[in-house]
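Visitor: pasting the sequence and the predicted model now:
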Amino acid sequence: MNWVELIWPLVTALSLVFGLVHLLVWWTHEREGAHLSLAIAAFSLAFLTLLERVILFNAIPAQIALVIRWMHVPLAVLVAALLVAVHTTFGLGATWLAVTAMGLRLLALLLNFTTGVNLNFLAIDHIEWRTWGGVAFAYPVGPPNPALLVGMLSNLMVGLYLAHTLLLGLRQQPQRRNALLLVCGACLLLSALLISTSLAWAMDLPRIPLTLPCVMALLLAISWQLGKDLIRWNQLEGKLRRSERFRLRIETELSQAALASGQGLWQWDVAGHSLIQNAINRRLLGNSAEASLDAQSGARETVRVGEDAVGALFARVDPEELPHVRQLFETAIHQPNYEIEYSVHDTSGQRRWICLRGSVEHDAGGAPLIVRGITQDISQRRSEQAQLRAVLDSSPTALLLIDPEGEIRYANAQATAIFGYAEQGMAGVQVDTLLPASCRGQHAHHRGEYVQHPRRRSMASGRDLFAQARCGRQFPVEIALSPLEIEGEVHVVAAVEDLTERRRTAQEVALERESMAHMSRVSLIGEISGSLAHELNQPLAAILSNAQAAQRMLRRNPAEIADIRDILDDIVENDRRAGQVISRLRGLLKKEFRVFVPLALDEVVHDAMRVIRNDLINRGVEYRLDLAANVARVLGDPVQLQQVLLNLIINACDAMAECKPRAVTIRISPVRDGVIQCEVHDTGGGIPEQMLEAIFAAFQTSKPNGMGMGLSICRTIIRAHGGRIWATNAPGGGACLIFELPVME
Amino acid sequence: MSAIVHIVDDDPSVLTALGRCLQADGLAVTLSQSTREFLEHYDPGVASCVVLDLQMPEMNGLQLQQLLEQRGQHPPLIFVSGCADVASCASAMRAGAIDFLTKPVEFEVLLEAVLRGIRTETEVRRHRQKEQAAEQCWSALTPREKEVLPHIVRGRLNKQIAGDLGVSLKTIKVHRARIMHKLGVRSVADLVRVAELAHVCRPGEAPPAAAA
């Protein structure tokens, strides 16, 4: 028993086991081609070792020639199997190389059976015994068959193919470097071995009889690599199965969650024309697909919907609206994410609002492949929105929601009304277009600033703001801004108040107040008309008398020119005086809006005294003026302030009608704390303590024919001048009415 | 006619103008800007006429009128007022004002009133002189003569008077002669007039003592 007796059967057996293993693997693992090829290669090798074992110690040349001829069959199969294995595993090398190699091999096989004794020899002349490793082997000697070249060429092509695979593989798939090096390297080695064997035989070179065990080793190496892939594949499969289980669990939980929240889930496989949906989805969308699974379990049901998957989604949409909704949907699903809302009629005929949203997978051309979606009944949200919208629309304030780009996102009914967008709506309108052209440029800047420092505030406080309606009409507005963060961006809510009406009302009120003051002034003049008439009469009387005196003088003695000149001077003087009285009177009677001018309060006092002096004389009232020197100037309307003084003086006189002595003091105190004070003090009975404030109320009077507006109007006037007026009782008796005004800086 | 015209008005321009007017007509004029000033200027012994403004501070025209009345001085008063109301006008006239004029005053009207005032004043003064003379004469009579005089004035005969008084006819004759002499009259008619001036009695009026 030599080592050959041990090795060769061992290799045969190993090859058979190896082949069986790969056959089994191939059978159990989805018929993987590489394993079948390896199995075939292993079986061929087993056959090959058997045949070689036969000729190793055979001394009959004819038998050796025959065996060698038949050895080429398993050899061809082995080469083919290896090529297929490499090609199915990597598939990188040029196919034509493999095909050519196989073609040449087949040709060689044909030549093997048709020329010489076999492919290697034309004839085997004799057998030589050569010893290797202590064992003598039979070694055929004879003229080599030239057809062997074809076999060589085939092997060369195989080598080229493998080299090509190796080259491409190393360049393109560096992650499979080891596998490539091992498999292709082994095969290359194998083909080199085969070539060298054939060559050795042909050229009668010394040959090591270990070709086939080497082939076995190489085959094992290839198998090892593929087996490693298999193991990894098995590991991956286990992992996949686990993750699949996990996915299913998650999916079930998600479905349950979707069920609990009343959301429909669905997936539309566009190419497969199938719609997978949960029970909620079917209920919400009301498509006619039969429920195949228990709805409560939340499991999915697959519905074959034929060509019209979209139809299943919109089964309950009004036929009239359907084309519009479908178009909306088909446009929407060209985006990676979509959201559409539409209304359906549920089984009881009630209108429900549905929101579909989800994601879409597209193919390379951008056509949707798989559309996934969530279906939600948003009727309640819609109705809440409608309610909110109704509430917002009923607001008398115009409300605008403006996004960071200055585009209007929402406008309530009042806003569209005042800006004149009632027909086309304001969504998408640039907010700058609502401003007069002159402030648009600045506004964009202000808007940017506001987004930087968002806070609730009124816009441009202290300045008159104007807005512009669509028709170009500009109107005064008041705007309050408050920031609102939506999706991480600062939006602005602007509450716009149209001030046109308010301004007009304010103007009317002011006018009314002025008219009131004027009316009161006129009635005041009525009260002191006697005094005024006297004031006017005096200069007129003087003029008449002077003129007549002059006439007389001239008639008597025309030479007394000096006297005449004096008289004329007096006439002029008196005429001027009469004119002043009239202009004062006209000033009081004039009905015009208050005009604020800088004036000295003592001048006002003197003017008032000129008007009322005679009235005081008539009423037997003495008056005293106590005016501080260097009276500061105030900003005011001289006529209205005079009116206040006259009112206070007349009131004082009325209060003293029944008592003696009758005196009124008008005092202007020096400026203190930026205000100047003027008081009118009488010697009457004073004002009851509880009436000190009430006397300033309208229609409050103690006079039989008074209107009760005098002091009320005085207060209005003084307040309009930024001052205040009040009444006290002087310590020494009598009432004291005091008003103070801010002095000019 | 030498009477002084007092003009009282608180308004200096009116005061001068009025003064000029009256001066131009040759009247003697005194100007006062207030009642107090007037009272300083005023001499009751001199014939005066007062042109008075109704409205003046401190004391107005009507008050001045009252004051003069109280003092027993009765210069003729002509009120001039810018805004005369009926009440004050009536009150002034009742108290004996000559006239009540409204400003502006027509010179002729004022002059006429002033002249009327002066005339009245002159007459009043003349009358008062006679009365004073008569009263002086009256005070020169003895009590008995004062007792007899009313009887004579009433036109009773000496005999009747003697009977009434219980004295002799002769005594009455002496008294009558003395009375006539003392009063400087010649006839009973003159005597009656003087007696009237002296406010002894009115014609046709019974002497108080002889009522029975």
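Guide: Sure, I can see it.
Visitor: residues in chain B within reach of chain A, list them.
Guide: B:10-11, B:13-14, B:16-18, B:20-21, B:23-25, B:55-57, B:60, B:80, B:82-83, B:103-107 (C-beta under 8 Å from any C-beta of the partner chain). C-beta here means a position set from N, CA and C on the backbone, and glycine is covered the same way.
Visitor: next to chain B, which bits of chain A? Give me the list.
Guide: Residues of chain A lying near chain B (C-beta under 8 Å from any C-beta): A:530, A:533-534, A:537-546, A:548-550, A:552-553, A:556, A:563, A:567, A:570, A:573-574, A:577, A:614, A:617-618, A:620, A:622.
Visitor: inside helices: which ones of the residues of chain B next to chain A?
Guide: B:13-14, B:16-18, B:20-21, B:23-24, B:107 (DSSP state H).
Visitor: residue closest to the middle of the chain?
Guide: Because you didn't say which chain, this covers chain A. Central residue of chain A (C-alpha atoms, centre = their mean): A:Glu487, 4.8 Å from the mean position.
Visitor: oops, I was thinking of chain B
Guide: Centroid-nearest residue in chain B: B:Val124, 4.2 Å away (criterion: C-alpha atoms, centre = their mean).
Visitor: SS state for that residue?
Guide: Classification of B:Val124 by DSSP: H, G, I helix; E, B strand; the rest coil places it in helix.
Visitor: would you check that it makes contact with B:His74?
Guide: Yes: under the criterion of C-beta atoms under 8 Å, B:Val124 makes contact with B:His74 at 7.2 Å.
Visitor: chain B - how does it break down into domains?
Guide: B:4-130, B:141-210 (automatic domain parsing).
Visitor: what's the most buried one of those domains?
Guide: domain B:4-130 (a mean of 19; mean count of other C-beta atoms under 10 Å in any protein chain shown).
Visitor: mind listing the strands for chain B?
Guide: Using DSSP state E, the strands of chain B run over B:4-8, B:28-32, B:48-53, B:77-81, B:99-102.
Visitor: list the buried residues for stretch A:130-147?
Guide: Residues of stretch A:130-147 classed as buried: A:137-140, A:142, A:144-145, A:147 (neighbour count, 16 or more other C-beta atoms under 10 Å in any protein chain shown).
Visitor: what about it, how long is it end to end?
Guide: End-to-end distance for stretch A:130-147: 26 Å, by C-alpha to C-alpha, to the nearest Å.
Visitor: show residues contacting that stretch.
Guide: Residues from elsewhere that reach stretch A:130-147, judged by C-beta atoms under 8 Å, 6 or more residues apart in numbering or on different chains: A:2-4, A:55-59, A:61, A:64-65, A:68, A:108, A:111-112, A:115-129, A:201-204, A:206-209.
Visitor: give me the PyMOL select line for these, limited to the buried ones.
Guide: Here is the PyMOL selection string for the buried members of these, based on 16+ other C-beta under 10 Å:
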select buried, chain A and resi 4+55+56+61+64+65+68+108+111+112+115+116+117+118+119+120+121+122+124+127+201+202+207+209
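Visitor: among the contacts of stretch A:130-147, which are in helices?
Guide: Using DSSP H, the subset of the contacts of stretch A:130-147 located in helices is A:3-4, A:55-56, A:61, A:64-65, A:68, A:108, A:111-112, A:201-203.
Visitor: determine which two of these are furthest apart.
Guide: Distance extremes for those: the farthest pair is A:Trp3 and A:Leu111 at 34.6 Å, using C-beta to C-beta.
Visitor: that older thread, can you add secondary structure and give the buried residues of stretch A:130-147 back as CSV?
Guide: Converted to CSV, the buried residues of stretch A:130-147 look like this (three-state DSSP):
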residue, secondary structure
A:Phe137, strand
A:Ala138, strand
A:Tyr139, strand
A:Pro140, strand
A:Gly142, coil
A:Pro144, strand
A:Asn145, coil
A:Ala147, coil
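Visitor: need those residues in CSV (columns: pLDDT).
Guide: Below are the buried residues of stretch A:130-147 laid out as CSV (pLDDT from 0 to 100):
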residue, pLDDT
A:Phe137, 79
A:Ala138, 81
A:Tyr139, 81
A:Pro140, 82
A:Gly142, 82
A:Pro144, 82
A:Asn145, 83
A:Ala147, 84
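Visitor: out of the residues you listed, who's nearest chain B?
Guide: Set against chain B, the nearest of the buried residues of stretch A:130-147 by C-beta to the nearest C-beta is A:Ala147 (162.4 Å).
Visitor: any idea how far chain B is from the closest residue to that closest one other than its chain neighbours?
Guide: Counting by C-beta to C-beta, 6 or more residues apart in numbering or on different chains, A:Ala147 lies nearest to A:Leu111, which is 3.7 Å off, once chain neighbours are set aside. Here the criterion is C-beta to the nearest C-beta, to the nearest Å. By it, A:Leu111 lies 161 Å from chain B.
Visitor: point out where the stretch 151-300 of chain A drops to low pLDDT.
Guide: Along the stretch 151-300 of chain A, the model assigns pLDDT under 70 to residues A:206-211, A:287-300.
Visitor: can you give me the strands in it?
Guide: Using DSSP state E, counting those that start in this stretch, the strands of the stretch 151-300 of chain A run over A:264-269, A:274-277.
Visitor: centroid-wise, who is the farthest residue in chain B?
Guide: Furthest out from the centre of chain B (C-alpha atoms, centre = their mean) sits B:Ser168, at 41.0 Å.
Visitor: dump the residue contacts of the residue nearest to it when sequence neighbours are not counted.
Guide: Nearest non-adjacent residue to B:Ser168, counting by C-beta to C-beta, 6+ apart: B:Ala162, 6.0 Å away. When contacts are counted by C-beta under 8 Å, 6+ apart, B:Ala162 touches B:168-169, B:171-172.
Visitor: in a markdown table, list those residues along with pLDDT.
Guide: Below are those laid out as a markdown table (pLDDT from 0 to 100):
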| residue | pLDDT |
| --- | --- |
| B:Ser168 | 86 |
| B:Leu169 | 85 |
| B:Thr171 | 87 |
| B:Ile172 | 86 |
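Visitor: and the ones in helices among the contacts of stretch A:130-147, which is closest to chain B?
Guide: Relative to chain B, the closest of the ones in helices among the contacts of stretch A:130-147 is A:Ala108; by C-beta to the nearest C-beta it sits at 156.8 Å.
Visitor: for chain B, what are the low-confidence residue spans?
Guide: B:1, B:83-84, B:200-212.
Visitor: no no, chain A
Guide: A:1, A:30-31, A:206-211, A:287-309, A:460-462, A:703-707.
Visitor: which of the ones in helices among the residues of chain B next to chain A sits closest to A:Ile718?
Guide: Distance to A:Ile718 across those (C-beta to C-beta) is lowest for B:Ser13, with 36.2 Å.
Visitor: can you classify the spatially closest residue to A:Asn729 that is not a sequence neighbour by secondary structure?
Guide: Distances taken as C-beta to C-beta, 6+ apart place A:Gly686 nearest to A:Asn729, at 4.2 Å, with adjacent residues excluded. Classification of A:Gly686 by three-state DSSP places it in coil.
Visitor: once you drop chain neighbours, what's closest to residue 195?
Guide: No chain specified, so I'll use chain A. That would be A:Asn155: by C-beta to C-beta, 6+ apart, it lies 4.7 Å from A:Ile195.
Visitor: that's the wrong chain, I meant chain B
Guide: Using C-beta to C-beta, 6+ apart, the nearest residue to B:Ala195 is B:Val153, at 4.8 Å.
Visitor: that neighbour against B:Leu191, yeah?
Guide: Yes: with contacts counted by C-beta under 8 Å, B:Val153 reaches B:Leu191, the gap being 6.6 Å.
Visitor: phi and psi next, for B:Glu106.
Guide: Here is the backbone geometry of B:Glu106 (degrees, to the nearest 10): phi -70, psi 130.
Visitor: what's the answer for A:Ile370, then?
Guide: Here is the backbone geometry of A:Ile370 (degrees, to the nearest 10): phi -130, psi 130.
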